[in-house]
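>>> the following comprises the amino acid sequence and a computationally predicted model.
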Amino acid sequence: MRKILYGGCHQEQNYGELNMSPAQRTFSAMFFIALACAFWPSIVSASEFTYVCQEGVQLVLKIEISFESLKRLLLEGEKILEKPEEFVATDGAYKKAAAFYARNESTIVTEAWKNTVRNIARKIREDKEDSPYLKLLKELEVGLAGFDAKAKPILAQYLPKINYCRIDSRVYFTAFTAFDSMNIWDSIVINALNPKYFLDADFILNTLVHELYHSGYGSCSAFREEPMLEEKLYYILECLQNEGLATYVAYQASPLYPAAKNKDYSLAASDEQVSKLRNELNTFLSKTSEMPSDRALRDVFNLGVRQRAFYVVGFDMARTIEQRMGREKLAATVAKGPIDFYELYNSISDDADKIFPIDLSGRLSWADALKRAFESADERQVRAATEMIVEKRSEIPQSELEAFYRLGYRLLRGKKKFDQAEKTFELIKQLAENPSFAYAYLGEIEINRGNAKRAAELLSKSLELDPSNPLAGILQSRLKKAAHLA
């Protein structure tokens, strides 16, 4: 089991439609919360807006919007049903969504999917210009015409003023997927007809603010300087910050894009509900040190995602920090990371409102030993740490390998220390049941070194181990394109 490096993703899948087991549901959520912003290629955008902050640092915000998928599904539904597999294989939004379905071992084109497309096509044909679906499409197009001027200033205020923080995303509007919204790699996919949105364009645009904030949050992840906590704890702290802040920032956009039916906002407005969820989360946190990692990550999904603790408690933490310390201090936690967010909140909150106090020095992962060895610049310490970890590999749960991926990712993307990143991913190959992502990142290292042939070999191996590996697929595609252009 491997989730791509942690980042932000808001997703509330229709699990009934996918008919997944509890284990599959847990992995799916972890995978996509992790997946969202691990890779940010540059995007040529038709919509670009740059803010110059007081410190002279530019915060770049780029958004490219596509309605093609949604328009085709609404206007050409019956034609699509003639060759549905061809549609999902070539449509931009569905190509992005394919990773979600592959990870859940489910298919897109089912009888239920075809019936839904057919029924909506029939209703549009009957209603003609009065169709609520076509009205929604028009309202979204109108709403997005002024999106830059309205929403982007809000996003900019809650992101740190540092040169690597950016929002650079393609946004695909579509319909009939098994999730409401998904932030994956450089792209956001929004199922505009998901019942959650009630055909409300403002609600959908409010969700877009949420998703775009995840992209900005994720752009900082490679540059964070934090201890390598055990994954079962770090995952909780990161979801509190990532989902909590995205929810809080999208709420600030409510006067522009009202989302009165957003349940998270209603819960966050109730002191009783916030307290209830915080107490339940604290109870869970008090038990995590003794829980097996896989079980902790599985069980916290129900509390954090289904019961909304990550979103609501994290929202309240962000609100408290802004009210007591100011917006700039809150934005600065994005650069520093989840640990700073957690510790800052606890340092200023009332005793009854604190998140369960944890001695973080006693909750370090095996990856932290390797990190400290690298920092020593002593090759003997690096070899000793590596040998110790290999010797103890039977004690390291597969879910805890995320800490090693996080370390390698920061060395690769943030510090550009390719030799240390290579050692980290080579170590993961010895620890992981399926090291597909280790091979993908090793391929990326070779791309950075200019070794196209070796990179191609590593990416092929990655896809051999996991044909649905999106990182390997993206890197391989770009490698081929570069070779073609050379």
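Looks like it came in fine. All values reported here derive from a predicted model rather than from experimental measurement.
>>> contacts and neighbour counts: CA atoms only from here.
Will do.
>>> just the helices from the stretch 1-150 of the chain, written as ranges.
Counting by DSSP state H, counting those that start in this stretch, the stretch 1-150 of the chain has helices at residues 15-18, 22-35, 68-75, 77-80, 84-90, 92-103, 111-127, 132-145, 147-157.
>>> I'd like those helices written out as CSV, with distance to residue 386, mean pLDDT and mean neighbour count added.
Compiled in CSV, these are given as follows (distance: least, C-alpha to C-alpha, whole Å; pLDDT from 0 to 100; neighbours: other C-alpha atoms under 10 Å):
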stretch, distance to residue 386, mean pLDDT, mean neighbour count
helix 15-18, 40, 31, 14
helix 22-35, 25, 39, 21
helix 68-75, 48, 97, 19
helix 77-80, 53, 96, 18
helix 84-90, 42, 95, 14
helix 92-103, 30, 87, 20
helix 111-127, 49, 96, 15
helix 132-145, 51, 96, 16
helix 147-157, 41, 88, 17
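>>> so which of these gets nearest residue 329?
Nearest to residue 329 among the helices of the stretch 1-150 of the chain is helix 147-157; the distance by C-alpha to C-alpha comes to 10.9 Å.
>>> the helix or strand just after the closest one: partners in the sheet, and parallel or antiparallel?
Per DSSP states H and E, the first helix or strand lying C-terminal to helix 147-157 is strand 166-174. Looking at strand 166-174 with DSSP bridges, its partner strands are strand 58-66 (parallel), strand 187-191 (parallel).
>>> sec struct for the nearest residue to residue 338 once chain neighbours are set aside, please.
Distance criterion C-alpha to C-alpha, 6 or more residues apart in numbering; nearest residue to residue 338, sequence neighbours excluded, is residue 238 at 4.9 Å. Remark: residue 238 carries the secondary structure label helix [criterion: DSSP: H, G, I helix; E, B strand; the rest coil].
>>> can you pull the contacts of residue 238?
By C-alpha atoms under 8 Å, 6 or more residues apart in numbering, residue 238 lies in contact with 337, 338, 339.
>>> out of the residues you listed, who has the most neighbours?
residue 338 (23 neighbours; other C-alpha atoms under 10 Å).
>>> thought it was touching residue 237?
Yes. Residue 338 is within contact range of residue 237, at 5.5 Å (criterion: C-alpha atoms under 8 Å).
>>> using JSON lines, please lay out the contacts of residue 238 together with pLDDT.
Below are those laid out as JSON lines (pLDDT from 0 to 100):
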{"residue": "337", "pLDDT": "97"}
{"residue": "338", "pLDDT": "98"}
{"residue": "339", "pLDDT": "98"}
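>>> which of those residues lies closest to residue 299?
Closest approach between the contacts of residue 238 and residue 299, by C-alpha to C-alpha: residue 338, at 20.2 Å.
>>> next up, the contacts around the closest one.
Neighbour list for residue 338: 234, 237, 238, 240, 241, 242 [criterion: C-alpha under 8 Å, 6+ apart].
>>> with residue 108 instead?
Taking C-alpha under 8 Å, 6+ apart as the criterion, residue 108 is in contact with 88, 98, 101, 177.
>>> and the next helix or strand past the helix or strand harbouring residue 423?
Using DSSP H and E, residue 423 maps to helix 418-431. Once the chain leaves helix 418-431, the next helix or strand it forms, by DSSP H and E, is helix 436-449.
>>> now the element after that next one, going C-ward?
helix 452-465.
>>> now the angle from that next one to helix 436-449?
170 degrees (axes from the mean of the first three to the mean of the last three C-alpha atoms, to 10 degrees).
>>> quick one: helix 452-465 to chain centroid distance?
Helix 452-465 sits 25 Å away from the centroid of its parent chain (C-alpha atoms, centre = their mean, to the nearest Å).
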